[in-house]
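S.K.: no sequence on this one, just coordinates:
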């Protein structure tokens, strides 16, 4: 999986099994399964989840068996504040929540936090942000960039399809937002980037390969999520051009992680998120992601 010194790792997502982490036995089983299936990374869902002891187990175990840990989080409606709120108290709550996710990311031994962190997820009354709300979001992420930089953590913002979150929905929207955040000379550069999710890109981008190319040229591709159409496990015979994706990544000498974000039958997320009623076990979902990327030339 190496290309002229650059390494692309295939990752397993804890969410393939579900959101809850209630025991060290459970997470140890998931991490070891990921390693056995040929993964080089393991992505951990941090929102509302693992306690300090489990975070320590994740850090120790992934280090021992040679997996790169990745932190993943969302801004929960009514819990984590709102990064775009024009009310300082609500925005401050969002800053505090993301700071906690950055700290959790450090605790699992990771230097990368990913997810749809620029907006609240699951708000049925949400609308695209006004200019004043965008300005508020810029202030939020200038604070986040400073904290992340201090902790040596990079933050990858994920655009989602509009029916899950009304903004940001495209790669360009995130890149434009990051440009605004990074405009002052005092704002750390290279800390904020983008999580490219093929499932959302298929719905929201005019051309998902062009969007990927845009990220690579901007140097802002920090992480990738893959899934088949309808959140099915990735397969080489799907209409997604997996070979071209890998070709572009190798040509750009990209170094990072590609996590399979399809969901197993064990997953407790709502049907609207998991995308299909018939799902194989999580281990088969992850194995399918590894196999597909290998066949695509990784």
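M.R.: Looks like it arrived, so ask away. Just so you know, these numbers come straight off a predicted model, no measurement behind them.

S.K.: does residue 32 sit in a helix, a strand or a coil?
M.R.: With DSSP: H, G, I helix; E, B strand; the rest coil as the basis, residue 32 sits in helix.

S.K.: which residues does it contact?
M.R.: 61, 65 (Cβ atoms under 8 Å, 6 or more residues apart in numbering). Any C-beta I mention is one placed from the backbone N, CA and C, and that applies to glycine too.

S.K.: Quick check: it vs residue 23, distance?
M.R.: For residue 32, the distance to residue 23 (Cβ to Cβ, to the nearest Å) stands at 14 Å.

S.K.: Tell me the buried residues in the longest strand along the chain?
M.R.: Longest strand in the chain by number of residues (criterion: DSSP state E): strand 6-13. The neighbour-count check on strand 6-13 (16 or more other Cβ atoms under 10 Å) flags 8-13 as buried.

S.K.: From those residues, pick the one nearest residue 100.
M.R.: Proximity of the buried residues of strand 6-13 to residue 100 (Cβ to Cβ) peaks at residue 13, which lies at 20.5 Å.

S.K.: Surely the closest one is in contact with residue 71?
M.R.: No - taking contacts as Cβ atoms under 8 Å, residue 13 lies outside contact range of residue 71: 11.7 Å.

S.K.: any shared contact partners between those two?
M.R.: Residues touching both residue 13 and residue 71 (Cβ under 8 Å, 6+ apart) are residue 43.

S.K.: Flag the shaky bits of the stretch 101-250 of the chain, pLDDT-wise.
M.R.: Nowhere does the stretch 101-250 of the chain drop to pLDDT under 70.

S.K.: what about the helices in it?
M.R.: Using DSSP state H, counting those that start in this stretch, the helices of the stretch 101-250 of the chain run over 131-150, 171-182, 198-204, 208-218, 242-251.

S.K.: could the ones you listed go into a markdown table alongside distance to residue 229 and mean neighbour count?
M.R.: Listed next are the helices of the stretch 101-250 of the chain as a markdown table, based on distance: least, Cβ to Cβ, whole Å; neighbours: other Cβ atoms under 10 Å:
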| stretch | distance to residue 229 | mean neighbour count |
| --- | --- | --- |
| helix 131-150 | 31 | 18 |
| helix 171-182 | 19 | 20 |
| helix 198-204 | 7 | 20 |
| helix 208-218 | 12 | 18 |
| helix 242-251 | 12 | 17 |
